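Student: Generate coordinates for the sequence data below:
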Amino acid sequence: MQIQPELKTVLKRLKLSGILATLPDRWAYARQEKLDYPQFLELVLSDEVERREHKHLANRLQDAGFEEECTMERFDWSAKIRIDKTRLNELFGLHFIERHENVAFCGPVGVGKSYLAQALGHAACRAGYRVLFCRADGLLKTLARSRADNSFDRELRSFISPDLLVVDDFALKKLSSQATSDFYDLLIERHTRSSTILTSNRGVEEWMTAFDEPMLGQSALDRFCHRAHQFVIEGESYRKRTAPGSAPAAAPKTSRKATT
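Tutor: Numbers count the residues shown, from 1 in each chain. Below you'll find the model as predicted:
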């Protein structure tokens, strides 16, 4: 099929130039299968819809800022960790986002807290939600720097607006008075409007010690925890197994038939 310049011009004006890449193949398929014109039109437009959906997903994943591509399917369930898998699987139905509920993943270093939080974020992106991933210290440093150029309100809004905000490594160290106030504002603004995931090496009962202002901390955490699905992950760090020099996993044994 030779595509005429006039058709290219029309498709570009309609912002449908993506069709051009597959149009010859689709035309050949339509002739082979004896499709009528409405069926052929549906075919090429369906290609365009799929192309745009893939592009939008790629943009959402890029905007989310994940550190790595984490999905539930890739999680290493052979690791020696303990977590309520039934409740976790229910979480990946993403109904908690519809209900504007929160999630907390707590446990020692290397048991998969950040991975599972990002996997939830990845699933949310695939479902069409706007997601943002950040580390707690990076978030607070961004807000602190924004005060120097009077862009604080804009930066705070960028953390408030996503449907799902994933904050990694919360409560690693004590927050300053200003950081306490900023984190309070963030959680209060997101309360009942959107969902937040916090990961931490500390248990939820220890989070209060991270706030410089106890009243602000209590108010923020009371709202967050009241609507939070809390998970405590226990076990050994499976991150060690991927470190250089670590012993490889034993290969499965296979039986050998005797030969004569």
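Student: now the strands: where do they sit in the protein?
Tutor: 81-82, 102-106, 131-135, 164-168, 195-200, 228-232, 234-235 (DSSP state E).
Student: Can you report how many residues lie near the closest residue to Leu186 other than its chain neighbours?
Tutor: In space, and not counting its chain neighbours, Leu186 is closest to Phe159: 5.8 Å by C-beta to C-beta, 6 or more residues apart in numbering. Quick note: C-beta positions are derived from backbone N, CA and C, even for glycine. Close neighbours of Phe159, defined as other C-beta atoms under 10 Å, add up to 20.
Student: likewise His56?
Tutor: 12.
Student: Distance of it relative to Val49?
Tutor: 11 Å (C-beta to C-beta, to the nearest Å).
Student: centroid residue for this structure?
Tutor: With distances taken as C-alpha atoms, centre = their mean, Gly121 lies nearest the centre of the chain, 1.8 Å away.
Student: thought Leu11 was touching Pro5?
Tutor: No: here Leu11 does not reach Pro5: they are 10.8 Å apart, not a contact under C-beta atoms under 8 Å.
Student: Which one's more surrounded, these two?
Tutor: Leu11 (18 against 7).
Student: Can you read off the pLDDT for the residue nearest to Leu186?
Tutor: With respect to pLDDT, Phe159 has a value of 98.
Student: what sits against it?
Tutor: 132, 134, 139, 143, 165, 186 (C-beta atoms under 8 Å, 6 or more residues apart in numbering).
Student: Let me know the closest of the residues you listed to Leu35.
Tutor: Comparing those against Leu35 with C-beta to C-beta places Leu132 closest, at 43.5 Å.
Student: can you count the residues close to that closest one?
Tutor: Leu132 is flanked by 20 other residues according to other C-beta under 10 Å.
Student: May I have the residues that are in contact with it?
Tutor: Neighbours of Leu132 in contact, by C-beta under 8 Å, 6+ apart: 63-65, 158-159, 162, 164-166.
Student: same thing but at 7 Å, please
Tutor: 64-65, 159, 162, 165 (C-beta atoms under 7 Å, 6 or more residues apart in numbering).
Student: Excluding chain neighbours, what is closest to it?
Tutor: Pro162 (4.3 Å).
Student: and the gap between that neighbour and Arg60?
Tutor: To Arg60, Pro162 is 10 Å away according to C-beta to C-beta.
Student: what is in contact with these two at once?
Tutor: Counting by C-beta under 7 Å, 6+ apart, the residues touching both Pro162 and Arg60 are 130-131.
Student: what about the helices in the protein?
Tutor: 5-13, 23-33, 37-64, 85-91, 95-98, 113-126, 136-146, 152-160, 177-190, 214-226 (DSSP state H).
Student: Nearest to Asp76, out of those helices?
Tutor: Between these, helix 113-126 lies closest to Asp76; by C-beta to C-beta that is 8.7 Å.
Student: what's the distance between that closest one and the middle of its chain?
Tutor: 4 Å (C-alpha atoms, centre = their mean, to the nearest Å).
Student: what helices or strands is that helix leaning on?
Tutor: When contacts are defined as 3 or more C-beta pairs under 7 Å, 6 or more residues apart in numbering; DSSP states H and E, helix 113-126 sits against helix 37-64, strand 102-106, strand 131-135, strand 164-168, strand 195-200.
Student: Can you tell me the closest non-neighbouring residue to Ala104?
Tutor: Per C-beta to C-beta, 6+ apart, closest to Ala104 is Gln230, 4.7 Å.
Student: That neighbour reaches Val204, doesn't it?
Tutor: Yes: counting by C-beta atoms under 7 Å, Val204 is a contact partner of Gln230 at 6.1 Å.
Student: of the two, who's got more company?
Tutor: Under the criterion of other C-beta under 10 Å, the comparison of Gln230 against Val204 puts Val204 first, with 17 against 14.
Student: residues in contact with the more buried one?
Tutor: Here Val204 is in contact with 104, 106, 225, 230 (C-beta under 7 Å, 6+ apart).
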